[in-house]
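Asker: no sequence on this one, just coordinates:
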């Protein structure tokens, strides 16, 4: 492998780590760390609400998901470096979102029995390399399928281990 190809592979791997942190911090509601994954001027599309900037986006999502349980998975990334400091990527995604029966999320619920959904789609993103690593500069969430969850909300099984917040330190 030539030095240029190795350097490109290292940068692409760093972007994959960025997206892994995005999903982990979102699902574990570590909002301060989740915020660090975005450029200050990040643009968000495909989200039901308009946000002024990254701080507004994170605060809005934190409010919206205060009582939800979420699982987000990103798959099969296609990442292309455009310059030494910019890149674009597409990730296939799946998310599983539930909320308590006493707090239906009106923006998502299509009826009173809906307590969540399973969604499938793509993240189309632009990345910018800043002084301390790669950040998401543009996030566009598209969906190709959403399946409502109805009936009694599933509760997690008792005695399951919770994620360890300090397993990997944030660099």
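Answerer: Arrived safely, thanks for sending. Note that this is a predicted model, so its numbers are computed, not measured.

Asker: determine the longest helix present in the chain.
Answerer: helix 3-27 (DSSP state H).

Asker: so what touches that helix?
Answerer: 1, 30-31, 33-34, 37, 61, 65, 70-74, 77, 79, 81, 87, 89, 91, 123, 125, 127, 129, 133-136, 163, 170 (C-beta atoms under 8 Å, 6 or more residues apart in numbering). Bear in mind the C-beta positions are built from the backbone N, C-alpha and C, glycine included.

Asker: whichever of those end up buried, select them in PyMOL.
Answerer: To isolate the buried ones among these in PyMOL, judged by 16 or more other C-beta atoms under 10 Å, type:
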select buried, resi 30+34+37+61+65+70+72+74+79+81+87+89+91+123+125+127+129+134+135+136
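
Asker: which ones among the contacts of helix 3-27 are found in strands?
Answerer: Using DSSP state E, 70-74, 77, 79, 81, 87, 89, 91, 123, 125, 127, 129, 133-136 are the members of these that sit in strands.

Asker: shaky segments in the chain?
Answerer: 1, 103-109, 153-154, 159, 169-171 (pLDDT under 70).
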